[in-house]
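Colleague: Dropping the sequence and predicted coords here.
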Amino acid sequence: MLVFRDKVENYRKLDYLDLEYNELTSIPSTFHNTKSLRELHLSFNNITSIDENAFGKNPSLKELYLNNLDGLSVIT
């Protein structure tokens, strides 16, 4: 099981992040306060759950890619 838990909000100028093909299984509320992040790629992972607050306080997020997440069944 691989869960992305890095403190992305510490990267204040981060506007693009590609985490495709990383065998991630869960997305906790990691991206909830990344105010400059505009584009996030999470496709082609083994993600089965995404925390309901994962992207909560992210006004700049315009593109979120969740393609080919066959195991995704729960957004809590």
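Modeller: Here it is on my side, so go on.

Colleague: Any stretches of the protein with poor pLDDT?
Modeller: Within the chain, the stretches falling below the threshold (pLDDT under 70) are 1-7, 9, 74-76.

Colleague: residues near the spatially closest residue to S43 that is not a sequence neighbour, how many?
Modeller: Counting by C-beta to C-beta, 6 or more residues apart in numbering, N67 is the residue found nearest to S43 once chain neighbours are left out, at 3.9 Å. Just so you know, the C-beta spots here come from the backbone N, C-alpha and C atoms, and that holds for glycine as well. Other residues within reach of N67, judged by other C-beta atoms under 10 Å, total 10.

Colleague: N67 contacts Y21, correct?
Modeller: No: with contact defined as C-beta atoms under 8 Å, N67 does not count as touching Y21 (11.5 Å).

Colleague: S49 and S26, how far apart?
Modeller: Plainly put, S49 is 5 Å away from S26 if you go by C-beta to C-beta, to the nearest Å.

Colleague: mind listing what N68 touches?
Modeller: Counting by C-beta atoms under 8 Å, 6 or more residues apart in numbering, N68 touches 43-44.

Colleague: Next up, identify which helix or strand it is on.
Modeller: Per DSSP states H and E: N68 is located in neither a helix nor a strand.

Colleague: for the closest residue to T48 other than its chain neighbours, helix, strand, or coil?
Modeller: Distance criterion C-beta to C-beta, 6+ apart; nearest residue to T48, sequence neighbours excluded, is G71 at 4.5 Å. Put simply, G71 is coil when judged by DSSP: H, G, I helix; E, B strand; the rest coil.

Colleague: now do L17
Modeller: On the basis of three-state DSSP, L17 is classed as strand.

Colleague: Any idea what it is bridged to?
Modeller: Listed by DSSP bridges, the beta-bridge partners for L17 are L40.
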